[in-house]
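# model the following, please.
(one chain, ligands or ions: 1)
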Amino acid sequence: MSYPQVTTSDRIAFERDGYVLKPAFFDAEEVALLGRAIALDPAIARNVTRLADSHGASTELALWNHPGEDVFGMVARSARVVDGMELLLGGAVYHYHSKLTMKRPRLGGAWDWHQDYGYWYHNGCLFPDLASVMIAIDPCRRVNGCLEVLRGSHRMGRIEHGRVGGQTGADMARVEEAMKVLDHVYCEMDPGDALFFHCNTLHASGPNISERSRNVLLCCYNRMSNNPYREHHHPRATPLEKVADSAIRERGLVLAGDERTFYDARHDETVEAKTG
Ligand SMILES: O=C(O)CCC(=O)C(=O)O
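Okay, the predicted model is just below:
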């Protein structure tokens, strides 16, 4: 069986636009496993952090540093993702963290405009040699808060960030100027689609004003050569054990449960998943 791959023409698009959307990167069976894992793993529900946005709503986040043997780990370690990241970032990568961002029907809040490197710069990463892949578990549409990007904004370099609600947001005066010269793209996605984006790409997402949840998995990677110069709450260069693309389906519905250590992004501390 063959699996979708990131190609050299994807790399050209990524370098030009700061992102590339790969439709149907995961199939329906693989996406169903992710959806069931969210529903069935009580450790995820116990370790969700709510991040306030600038409009008084909040969005939900569950974040962990190390990809394990569970279904989320199989996706983060799958050859199609890791090889794709290595092609896009131009060298060997390691797993920086993964997170579920979840917007409940009618309640899920927004993500304010930011660059991921606006955060990660402060973690001792010298170069913006990091990227994320967002994998749609639910349909992502404007009405339920799909990701929005400013096409080509990664070429602006890192811009100033400050506190916006419970999040860290980009200097809006500069974002507004960038909006006058760059395309504002709503990245609508179907379940299984994967959006690879550069850590300096300005991105945001709106609130969920629909009756459907908007759950996505984000896996983030750093170049091995960009080992952070100091310890921080995400890992320094750590060997990444890649698995075959078939491993997601072959392993099936393996839950991490209490094997996983979550990181509480709101309180800036590591939270161990607890039983009971
Ligand atoms: O889930 C979203 O809509 C955006 C998440 C995001 O921007 C992030 O985790 O940096």
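
# who does the residue of the stretch 51-200 of the chain found nearest the ligand form a beta bridge with?
The nearest approach of the stretch 51-200 of the chain to the ligand comes at residue 101, 3.2 Å away (C-beta to the nearest ligand atom). In this view, the C-beta of every residue, glycine as well, is placed from N, C-alpha and C. Beta bridges link residue 101 to residue 61, residue 216, judged by DSSP bridges.

# how about the residues of the stretch 151-276 of the chain by the ligand?
203, 205, 216, 218 (C-beta under 6 Å from any ligand atom).

# pLDDT of stretch 7-24, averaged?
Stretch 7-24 shows a mean pLDDT of 98.

# between the two ends of it, how far is it?
One end of stretch 7-24 to the other measures 15 Å (C-alpha to C-alpha, to the nearest Å).

# any part of that stretch near the ligand?
No: counting by C-beta under 6 Å from any ligand atom, the ligand has no neighbours in stretch 7-24; the shortest distance is 12.1 Å.

# contact partners of that stretch?
4, 6, 84, 87-88, 131, 149, 151-155, 187, 189-190, 192-198, 200-201 (C-beta atoms under 8 Å, 6 or more residues apart in numbering).

# which parts of it are buried?
10-11, 14, 17-22 (16 or more other C-beta atoms under 10 Å).

# for those, which one is nearest residue 174?
Taking C-beta to C-beta as the measure, residue 174 lies nearest residue 18 of those, at 15.7 Å.

# show me where the stretch 151-276 of the chain has strands.
Taking DSSP state E, counting those that start in this stretch as the test, the strands found in the stretch 151-276 of the chain are 161-164, 167-170, 184-187, 194-198, 203-205, 214-223, 261-264, 269-272.

# how far does the longest one sit from its chain's centre?
When you say that, I think you mean strand 214-223. 2 Å (C-alpha atoms, centre = their mean, to the nearest Å).

# for it, packing partners?
Other elements packing on strand 214-223 under the criterion 3 or more C-beta pairs under 8 Å, 6 or more residues apart in numbering; DSSP states H and E are helix 28-40, helix 71-77, helix 79-89, strand 93-103, strand 130-136.

# does any part of the last one sit near the ligand?
It refers to strand 130-136. No: against the ligand, strand 130-136 shows no contacts by C-beta under 6 Å from any ligand atom, the least distance being 7.0 Å.

# ok, back up a step: could you flag which of the contacts of stretch 7-24 are buried?
Looks like those have 4, 6, 84, 87-88, 131, 149, 152-154, 187, 189, 192-198, 200-201 buried, using 16+ other C-beta under 10 Å.

# give me the low-pLDDT residue ranges for the chain?
Within the chain, the segments meeting pLDDT under 70 span 265-276.

# spatially central residue for it, please.
residue 218 (2.4 Å; C-alpha atoms, centre = their mean).

# quick one, what contacts it?
98-101, 132-135.

# now do residue 252
Counting by C-beta under 8 Å, 6+ apart, residue 252 touches 33, 71.

# and it, how close does it get to residue 166?
Note on residue 252: its distance to residue 166, by C-beta to C-beta, to the nearest Å, is 36 Å.

# if we can go back for a sec, from the residues of the stretch 151-276 of the chain next to the ligand, pick the one nearest the ligand.
For those, the nearest to the ligand is residue 205 (3.3 Å; C-beta to the nearest ligand atom).

# so what pairs up with the closest one in the strands?
residue 111, residue 147.

# look up how far residue 183 lies from the residue nearest to the centre of the chain.
According to C-beta to C-beta, residue 218 and residue 183 sit 22 Å apart.

# how about residue 110: what's its closest non-neighbour residue?
Excluding the flanking residues, the one nearest residue 110 by C-beta to C-beta, 6 or more residues apart in numbering is residue 53, at 4.4 Å.

# if we can go back for a sec, got a winner among the residues of the stretch 151-276 of the chain next to the ligand for most neighbours?
Using other C-beta atoms under 10 Å as the neighbour criterion, residue 205 leads these with 28 neighbours.

# okay but it is in contact with residue 148, surely?
Yes: using C-beta atoms under 8 Å, residue 205 is in contact with residue 148, at 6.0 Å.

# need the buried residues of stretch 7-24 in CSV (columns: secondary structure).
Below are the buried residues of stretch 7-24 laid out as CSV (DSSP: H, G, I helix; E, B strand; the rest coil):
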residue, secondary structure
10, helix
11, helix
14, helix
17, helix
18, coil
19, strand
20, strand
21, strand
22, strand
